[in-house]
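Enquirer: predicted structure and sequence below. I'll ask about it afterward.
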Amino acid sequence: MRFVRDSSVRRWAVTSSCNFSYVSFNALRACARQELSNLRQRDLSVVDYTSNIKDICDSLASIEVNIEESEMVQVCLRGLAPKFGAFQTVVCTWENTPSFFDLQSMLLVEENHAGASTSTHTDNRMLYTEGDRPRGRGGRG
């Protein structure tokens, strides 16, 4: 059985959910793949979420486990927060899978757009003052 003696890989194993001091490559691979498949965006920004995916994939690559870019895209889409539900549905229907970089760029635009539309909605409500609202049936009375 081959054990992980590389300090950078061991350090990753200890800081991730894989808390082992000496772990076999097979155990580390299984744990890292599990961590990748369980990753969810929750309240993370798009940048933080996609960086986490990339970091795990880079760690896997350091122990000779290569993750295809299409799998990275699927992991990312599967773990998106509910606010990206419509975006997720649209991308999943595309014939060609976007690159991970393209997906990250599109998610950033979507995140910024969602933030802008929320603030615009709030601003529009604030445009109405008490004097602007119609009163009763006849308007101004």
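Expert: Everything's here; your move. Residues are numbered from 1 along each chain as shown.
Enquirer: what is the least confident helix or strand in the chain?
Expert: Here the helix or strand of the chain ranked lowest by mean pLDDT, DSSP states H and E is helix 7-15, holding a mean of 52.
Enquirer: so where is the protein shaky, pLDDT-wise?
Expert: Scanning the chain for pLDDT under 70 picks out 1-23, 117-141.
Enquirer: name the nearest residue to residue 56, sequence neighbours excluded.
Expert: Leaving out its chain neighbours, the residue that sits closest to residue 56 by C-beta to C-beta, 6 or more residues apart in numbering is residue 36, at 4.8 Å. The way it works is simple: take the backbone N, C-alpha and C, and place the C-beta from them, glycine included.
Enquirer: so that neighbour sits against residue 53, correct?
Expert: Yes: using C-beta atoms under 8 Å, residue 36 is in contact with residue 53, at 7.2 Å.
Enquirer: what's around residue 111, how many residues?
Expert: When neighbours are counted by other C-beta atoms under 10 Å, residue 111 registers 18.
Enquirer: go through the host helix or strand of the residue nearest to residue 56 and flag the buried ones.
Expert: Using DSSP states H and E, residue 36 sits within helix 25-38. For helix 25-38, burial by neighbour count (16 or more other C-beta atoms under 10 Å) applies to 27, 28, 29, 31, 32, 35, 36.
Enquirer: overlap in contacts of residue 36 and residue 53?
Expert: The contact sets of residue 36 and residue 53 overlap at residue 75 (C-beta atoms under 8 Å, 6 or more residues apart in numbering).
Enquirer: ok so, going back, let's have the buried residues of helix 25-38 in a markdown table, adding distance to residue 110.
Expert: What follows is the buried residues of helix 25-38, written out as a markdown table (distance: C-beta to C-beta, whole Å):
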| residue | distance to residue 110 |
| --- | --- |
| 27 | 37 |
| 28 | 34 |
| 29 | 33 |
| 31 | 31 |
| 32 | 28 |
| 35 | 25 |
| 36 | 22 |
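Enquirer: for the helix holding residue 36, packing partners?
Expert: Where contact means 3 or more C-beta pairs under 8 Å, 6 or more residues apart in numbering; DSSP states H and E, helix 25-38 is packed against helix 7-15, helix 46-62.
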